[in-house]
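Enquirer: sequence plus predicted model, see below.
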Amino acid sequence: MEVIERVYREEFGRVVASLTRRFGDIDVAEDAAGEALLVALEKWPVDGVPPNPGAWLTTTAARKAIDRIRRESHRDAKHQAALVMVDDTPHEPTGPVEDDRLRMVFTCCHPALAPEARVALTLRLLGGLTVAEIAQAFLVPEATMAQRITRAKKKIATARIPFRVPSLGDLPERLGGVLAVVYLVFNEGYLSSSARTSVRDDLTAEAIRLGRLLRGLLPDEPEVTGLLALMLLIEARRSARLSTDGVLVPLPEQDRGAWSRPLVDEGHALVRECLRVNRPGRYQLLAAVNAVHTDARSAADTDWAQVAALYDRLAVIDPSPVVQLNRAIAVAELDGPEVGLALVDRLPLEGYHPWHATRADLLRRLGRSAQARAAYDAALALIDNPAETAYLTRRRSEVTG
């Protein structure tokens, strides 16, 4: 079962992309891919996994799609569907993007769609993320995100937006959406929103792989370099992020000797490269923040003034409440928890669990125990991740008074 799920997750995007190009309907492609999985669950445990599971899934899904078209179409449409069974047309040229999955990410990030719709749709089709996971990443209700994805699919269908291979000229206007997709996939792997697992190494590995491919494709684009540096510096700390009993270990408490020095060194080199270009962007500044943290020999040695200054620059580019929250954390380290709390309390982030967790920590440091416990409870009510749940539960139990 695990082998089948892994293969299906790896091949899902390619199958959907192939069927979408062939039949011109995303809903048919997704439904057919799902039906192909059910057939695989029946046959592979008995017959074994085929030598080329991707081709097997694509062929089976194509047959399911044709069956659906036949059922739902009139006689003439049925004849047309039968003709689709044999497709002698040559493969489309891959264009400048050779990797199948990265090419499909660029294809889905069509400029005719709203930016948030591009990212959400791509995460759903290729990242394998659930609607709930995507909604949490965007800080919106699940129903709202489901509507966005549905509207994006309908727009593609009604406007007949072509799912064609992107040309070199398509890449710049689609790059922002592609970078957002890769980073959100990485974030979901780094700290999963699922109650089943705390981290998903498959997602972080895939995001870094795509980041390296993007760097090879666009070596002179500093935001691409910044995103890769950011992911590497975060990934470098992975082995120190969970205790042996599966509890989240926050950055100040991590064993810095357990960090991957090769990844830290590579990330720092990429950050220095971005500084030489001197065209700062969102991912470059976030990478620089992580470079400051990974450069400190201990938590006490962290240059919080530099962290705060970097978030000041980031707020000019991205004046979001989440950026302001991270800046407030740095300010609290510089000017004290009372100043930090005043900044945090102004932010409209009641549905964002790190906001409650930050408030809880600042209230605890100020000796306001009852309010700290209430803030911890509010944070716990908004998360499913087992490692985070265990950590915040422990922190709440340590509040005295």
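Expert: Ah, there it is. Numbers count the residues shown, from 1 in each chain.

Enquirer: now the element after the helix or strand bottoming out on mean pLDDT in the chain, going C-ward?
Expert: Lowest on mean pLDDT, DSSP states H and E among the helices and strands of the chain sits helix 75-84, with a mean of 52. Note on helix 75-84: by DSSP states H and E, the next helix or strand toward the C-terminus is helix 100-108.

Enquirer: which ones are touching residue 250?
Expert: residue 391 (Cβ atoms under 8 Å, 6 or more residues apart in numbering). Bear in mind the C-beta positions are built from the backbone N, C-alpha and C, glycine included.

Enquirer: how about residue 375, what does it touch?
Expert: Contacts of residue 375 (Cβ under 8 Å, 6+ apart): 356, 357, 359, 360, 363.

Enquirer: between those residues, which is nearest residue 387?
Expert: Using Cβ to Cβ, residue 357 comes nearest to residue 387 of the contacts of residue 375, at 13.1 Å.

Enquirer: now do the helix or strand containing the closest one: which elements does it pack against?
Expert: Using DSSP H and E, residue 357 maps to helix 353-365. Here helix 353-365 touches helix 321-335, helix 337-344, helix 369-380, helix 386-397, going by 3 or more Cβ pairs under 8 Å, 6 or more residues apart in numbering; DSSP states H and E.

Enquirer: how far off helix 353-365 does the second one point, in degrees?
Expert: Taking axes from the mean of the first three to the mean of the last three Cα atoms, to 10 degrees, one finds helix 337-344 and helix 353-365 inclined to each other by 150 degrees.

Enquirer: just to revisit the earlier point, quick one: closest of the helices and strands packed on helix 353-365 to residue 33.
Expert: Comparing the helices and strands packed on helix 353-365 under Cβ to Cβ, the one sitting nearest is helix 386-397, at 29.8 Å.

Enquirer: what is that closest one packed up against?
Expert: Checking 3+ Cβ pairs under 8 Å, 6+ apart, helix 386-397 ends up next to helix 353-365, helix 369-380.

Enquirer: contact partners of the longest one?
Expert: Taking contacts as Cβ under 8 Å, 6+ apart, the residues outside helix 353-365 that touch it are 325, 328-329, 332, 337, 340-341, 344-345, 347, 349-350, 369, 371-373, 375-376, 378-380, 382-383, 388, 392, 395-396, 399.

Enquirer: mind saving the C-alpha coords of it as PDB?
Expert: C-alpha atoms of helix 353-365 as PDB (Å, rounded to 0.1, in the frame of the first residue of the first chain):
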ATOM      1  CA  HIS A 353      -1.500  29.900  15.700                       C
ATOM      2  CA  PRO A 354       2.100  31.300  15.800                       C
ATOM      3  CA  TRP A 355       0.500  34.700  16.700                       C
ATOM      4  CA  HIS A 356      -1.100  33.100  19.800                       C
ATOM      5  CA  ALA A 357       2.000  31.100  20.600                       C
ATOM      6  CA  THR A 358       4.100  34.300  20.400                       C
ATOM      7  CA  ARG A 359       1.700  36.100  22.700                       C
ATOM      8  CA  ALA A 360       1.800  33.200  25.100                       C
ATOM      9  CA  ASP A 361       5.600  33.400  25.300                       C
ATOM     10  CA  LEU A 362       5.700  37.100  25.800                       C
ATOM     11  CA  LEU A 363       2.900  37.000  28.500                       C
ATOM     12  CA  ARG A 364       4.800  34.200  30.300                       C
ATOM     13  CA  ARG A 365       8.000  36.300  30.300                       C
END
